[in-house]
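Q: Mind looking at a prediction? Sequence and model below.
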Amino acid sequence: MHCLWCHNEIIPEITWRNFLNIFGENIVICDSCKQKLTCIVGPACPRCSRSSKNELLCGDCKQWSTHPTFAGVLSKNVSVFSYSPFMKEIMNKWKYRGDYVLVNLFKAGVQKRFKEDFGKLNPTLVPIPLSATRQQERGFNQAEAIAQLLDLPIDDALTRVTNEKQAKKSRQQRLQSNNPFQLKNEVQGPILVIDDLYTTGATLHWAAYLLKRGGATTIDSFTLIRS
Amino acid sequence: MKGKWHWIFILSLFSLWNESQIVWLGLWFLLILFYIHQRRKPKSWLFFILSSASILFFSHYSSFEDTHYEVNKENTFIEGEIRSNPEIHPTHITFTLNDSLTKEKILINVYDYNERYTDSFQYGASCQITGTLTTPIPARNPGAFDYQSYLQSMGIFVQMNVKETDIECTGQGWIAFPLNIKQQILTSLELRYESSSYNWIKALIFGDKSQLSAHLITDFQHWNLSHLLAISGLHVGLIILFLYLLCTRVFQMSVERTKYLLLILLPIYAILANGAPPVLRAVFMAEVLFLSSLFKWRWSLIDVISVTGIFFIILDPTLITQLSFQFSFLVTFSLILSSKILVMTPSFLWGSLYVSFISQMVLIPLQLLHFYYVSPLSLLANLLFVPYFSFIVIPITLIAVLLSWTPTLLTLPIDFFLTNIHEPFLNTLLSFANGQKFLWVIGEISLLTIGVYYALFYVFMKQLEGNRRKPALVFASLLVLLLLAEQLKPYFNPHGQVTMLDVGQGDTIVIELPKRKGIIMIDAAAEVTLPFDDETEVEENATAKRIIQPFLWSKGITKIDHLIITHADQDHAGSYPFIMEQFDVKNLYTHRDMKIDKKLSTSAQYQPLSEGMKLNIAGTSFYVLHPKQEYEYQSENNKSIVLLTRLGNQSFLFTGDIDSEIEHKLMERYPKLQVDILKVAHHGSEFSTSERFLKSTRPKHALISVGRNNIYGHPAYEAITRLQQQQINIHRTDKHGAIIYIFTANQGTFSHMYP
């Protein structure tokens, strides 16, 4: 077995936990790479997972929860990893250079965090869509790839109408732009919106806004990274 | 395959050990089917092929067969090669011989040897011997050390005792060369150091603890410290560390060169240190690790030990039945599996506490299987002694060897430390803390309990690794409860047992009442002639230590409710001081003339017995038929207490050493006396067991406790004939080993140690 990221051989560590596991474990990432992949632990904003010194609501979230349009549409966001230069490198290779298989680097972390925060919820997953041209460019939708790591029903309830890259816009621009999504079909029950990044939260709030109107009871979001 | 070799090792062990291989193969086949169904990782086919192959290979690799030789035939001629380092005892020399024809191992004892010719007995020498092959003596008593299976575990089924004139050896193997050097080093060390310093150096560096005091070895065993006296992985690790630091720091050698040097030195050291399985294991593993680091191979430790294990059992499959191999691998294995737990420990002290704890927990079933006790307080002892030996005593003994060629001035402090500080320090400490007082004697445990123990232990370690304290505590408590349940088992056993131990020429009878309502012991013999074949040196209290105590411990007995000494002769009373000291004796009885050491009977109630008295023990009555209160008897034998009781609806008469004069008096006093089972008086002497007595009491079974080949000619031909004429079943300890009578309320049956 070799590490998906650095290609060094992985020597499995056999301890009491796994020594009776006759099939062996599918380890995809070596210990040193795993350590660089920083999970969000410790105090963070309870609503958006942003790391902070205390467990209080962060400034952005205060704004979101009193916003005339978006107040109450998104209950909370949970993110698995924090953004680091190492993570940026992985995202580059995965998203922009199309190394799809790298999604497995996140698998264990994503599954663990999902079980901790949403294990009892049994939600329907709604990945944030790409526009048709962008999907064509990249070959896959990263949000969908993340959703597929979880063994739950996926509902592509949203489509993207505009083709603008969020990354190229400022915070102000993001908040002021129109809803980039359209609802394809009605939804029901608890909904978990999946995306790769939570930066300002604008995209997810737009999506949640539509889904709420489309019949969802509760809406949370689950994102790979909180930047 | 990486991270999976331990499976191959475990499967190989099972296939070697186990007798119903078909079942295992079948299970394995099912697992492969399941695996095909799952189809998770196609790469692991190699693993399945290798493991199936190892099952097939090791199932047929077993060498636990019987001997090819015809035993007990005179003038058998054997030609072969010496395959062990000959051990020189005062009376004989012992070594194993590999028959060059049959390849079978034979134990040779050479008696009456001449000092001048011992040089011809060398490792690798070819010998020609004429003599009689015999089978080693199996255990004669329950719970006792079994010399036969001990030898069998090393692949030896026959032995030959010869005189020096019957054997001729020439030449030597290459291995004799380092062994000779070792002998020379030892001789020079012996001249150089005080004897007590020398004994420690010899034990700790050369793996020969035979000259340390037996008392010390027993004390160390009771505190679970034996691993410090035998060369273990710990010693090898320390020696490697020491030499490594010496080469790199003091001699300024490069790390790479040092590794190459150690690669060469370690195997030589393994030979010098007697090549016991733990040393070989540690050295082999160290070699693999050095090679790996030199050639940049990456292995996980679990694979290294597994491959080591597989290599060892291919070389010698009999290893798996050897205690030192089992202990060494089990401990190393579980410590490697615990690496995550050990990394988590906050400090070095906690780390070493965990190491001791895990090693001892994993060994408890084996410890119980062989020694019947655990030492709950040994953790403390290890915490104190392991660092003391690791960082002080072992380095000092090693320096003592390295400096032995320098001027005496340099080694004087070492000598002084070992003889005048270390040894007295140990003795004082051990005399204060008598380890035996703290032992938890549980008794022999069943295979099922061992299985349950290891299952619980596995879950416990898993919880510990996941840092889940509460579940871990629950499973730890279950482990203790399991041992407790094992100890309490006799209290629910509806069967009672009478055991007449084979103590050689003497009497020792233990009666366990059903549901452990009472333990009664009649007589405690000491050695008159030894029932041991394996050695001639007689240690103090040998019978008590090697026969009576192991038997009682194997039954989980530490408390004797009633100890009855029939009379004061050595072969009936010799071990009673030892028993009084080592066991919790509640009541002690003798005849009124016997002198009792007041110091011994402080905790026990003492009462002299005489005719007409009755002991009522948990509903079972023991009637005293003899001796009379006021009458003077001529001989000690005729003062013997005679007891009548009923066990399993059969009447038992215990007669001590009375002669027929007393037998006839008993008939006069109790004309209606009927006996089902008679303990034959005085080991079957011709002056006891008269025809009249037998005709009158009409016993069905006669028990004779008598030594093999004793100098008194017991049992007498006349006595045996009288018994046979009355068609009485005769049970003899000299022929049958221990004699066991298992009974319930209504009946009982006899069985023998040798069927």
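A: Arrived safely.
Q: Near the residue in the stretch 51-200 of chain B that chain A sits nearest to, how many other residues are there?
A: Distances between the stretch 51-200 of chain B and chain A by CB to the nearest CB are smallest at residue B:51, namely 9.0 Å. To be clear about C-beta, it is placed using only N, CA and C from the backbone, and glycine gets the same treatment. By other CB atoms under 10 Å in any protein chain shown, the residues close to residue B:51 number 24.
Q: Doesn't it belong to a helix?
A: Yes: judged by DSSP: H, G, I helix; E, B strand; the rest coil, residue B:51 forms part of a helix.
Q: Mind jotting down where the strands sit in chain A?
A: Using DSSP state E, the strands of chain A run over residues A:77-82, A:124-127, A:158-160, A:181-183, A:191-198, A:219-226.
Q: how many other residues sit next to the residue in the stretch 401-550 of chain B that chain A sits nearest to?
A: In the stretch 401-550 of chain B, the residue that lies nearest chain A is residue B:461 (4.2 Å; CB to the nearest CB). A count of nearby residues for residue B:461, using other CB under 10 Å, gives 23.
Q: Residue B:236 now?
A: Neighbourhood size, residue B:236 [other CB under 10 Å]: 22.
Q: Grab the nearest non-local neighbour of it.
A: Excluding the flanking residues, the one nearest residue B:236 by CB to CB, 6 or more residues apart in numbering or on different chains is residue B:282, at 3.7 Å.
Q: element containing that neighbour, please.
A: helix B:277-295 (DSSP states H and E).
Q: check whether the helix of greatest length in chain A contacts chain B.
A: What stands out as the longest helix in chain A, according to DSSP state H, is helix A:104-118. No: Helix A:104-118 lies out of reach of chain B by CB under 8 Å from any CB of the partner chain, never closer than 13.5 Å.
Q: Mind putting the strands of chain A into JSON lines with mean pLDDT and distance to residue B:582?
A: Output for these, formatted as JSON lines (pLDDT from 0 to 100; distance: least, CB to CB, whole Å):
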{"stretch": "strand A:77-82", "mean pLDDT": "92", "distance to residue B:582": "64"}
{"stretch": "strand A:124-127", "mean pLDDT": "93", "distance to residue B:582": "72"}
{"stretch": "strand A:158-160", "mean pLDDT": "90", "distance to residue B:582": "83"}
{"stretch": "strand A:181-183", "mean pLDDT": "88", "distance to residue B:582": "86"}
{"stretch": "strand A:191-198", "mean pLDDT": "93", "distance to residue B:582": "70"}
{"stretch": "strand A:219-226", "mean pLDDT": "93", "distance to residue B:582": "68"}
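Q: Contact partners for residue B:5?
A: Residue B:5 makes contact with B:302-303, B:306-307, B:310 under the criterion CB atoms under 8 Å, 6 or more residues apart in numbering or on different chains.
Q: 10 Å instead?
A: Each residue near residue B:5 by CB atoms under 10 Å, 6 or more residues apart in numbering or on different chains is listed here: A:14, B:47, B:50-51, B:299-300, B:302-310.
Q: Among the residues you listed, which one sits closest to residue B:685?
A: Residue B:685 has its nearest neighbour among the contacts of residue B:5 in residue B:309, at 55.9 Å by CB to CB.
Q: Can you tell me the closest non-neighbouring residue to that closest one?
A: Excluding the flanking residues, the one nearest residue B:309 by CB to CB, 6+ apart is residue B:9, at 4.7 Å.
Q: Quick one: classify that neighbour as helix, strand or coil.
A: helix.
Q: One more: the one 4 residues further on?
A: Of the three states, residue B:13 takes helix under three-state DSSP.
Q: just checking, it touches residue B:61?
A: No: in this structure residue B:13 lies outside contact range of residue B:61 using CB atoms under 10 Å: 11.4 Å.
Q: Can you pick out the residue with more neighbours from those two?
A: The neighbour comparison of residue B:13 against residue B:61 (other CB under 10 Å) goes to residue B:13, with 19 against 14.
Q: Now the more buried one. Nearest residue, chain neighbours left out?
A: Per CB to CB, 6+ apart, closest to residue B:13 is residue B:320, 6.0 Å.
Q: roughly how far apart are that neighbour and residue B:378?
A: Using CB to CB, to the nearest Å, residue B:320 is found at 26 Å from residue B:378.
Q: Repeat that for residue B:716.
A: From residue B:716 to residue B:378 the distance is 50 Å (CB to CB).
Q: List the contacts of the residue of the stretch 101-250 of chain B found nearest chain A.
A: In the stretch 101-250 of chain B, the residue that lies nearest chain A is residue B:233 (18.7 Å; CB to the nearest CB). Counting by CB under 10 Å, 6+ apart, residue B:233 touches B:227, B:278-279, B:281-283, B:285-286, B:328-329, B:331-332, B:335.
Q: Just give me the neighbour total for residue A:148.
A: 17.
Q: so what's it up against?
A: Contacts for residue A:148 (CB under 10 Å, 6+ apart) come out as A:103, A:107, A:125, A:127, A:140-141, A:154, A:194.
Q: can you check residue B:260 too?
A: Taking CB under 10 Å, 6+ apart, one finds B:253-254, B:290, B:294 in contact with residue B:260.
Q: pretty sure residue B:621 contacts residue B:615?
A: Yes: under the criterion of CB under 10 Å, residue B:621 makes contact with residue B:615 at 7.0 Å.
Q: got the phi/psi numbers for residue B:524?
A: Main-chain dihedrals, residue B:524, degrees, to the nearest 10: phi -140, psi 100.
Q: do the same with residue B:167
A: Backbone dihedrals for residue B:167, given as degrees, to the nearest 10, come out at phi -130, psi 140.
Q: where's it relative to residue B:91, distance?
A: Taking CB to CB as the measure, residue B:167 and residue B:91 are separated by 16 Å.
Q: now the chain, which segments are flagged as low pLDDT?
A: As the question left the chain open, I've gone with chain A. By pLDDT under 70, the weakly predicted segments of chain A are A:163-167, A:174-176.
Q: Let me rephrase: I mean chain B.
A: For chain B, the stretches with pLDDT under 70 are B:18-21, B:38-44, B:62-66, B:116-117, B:434-435, B:528-538, B:601.
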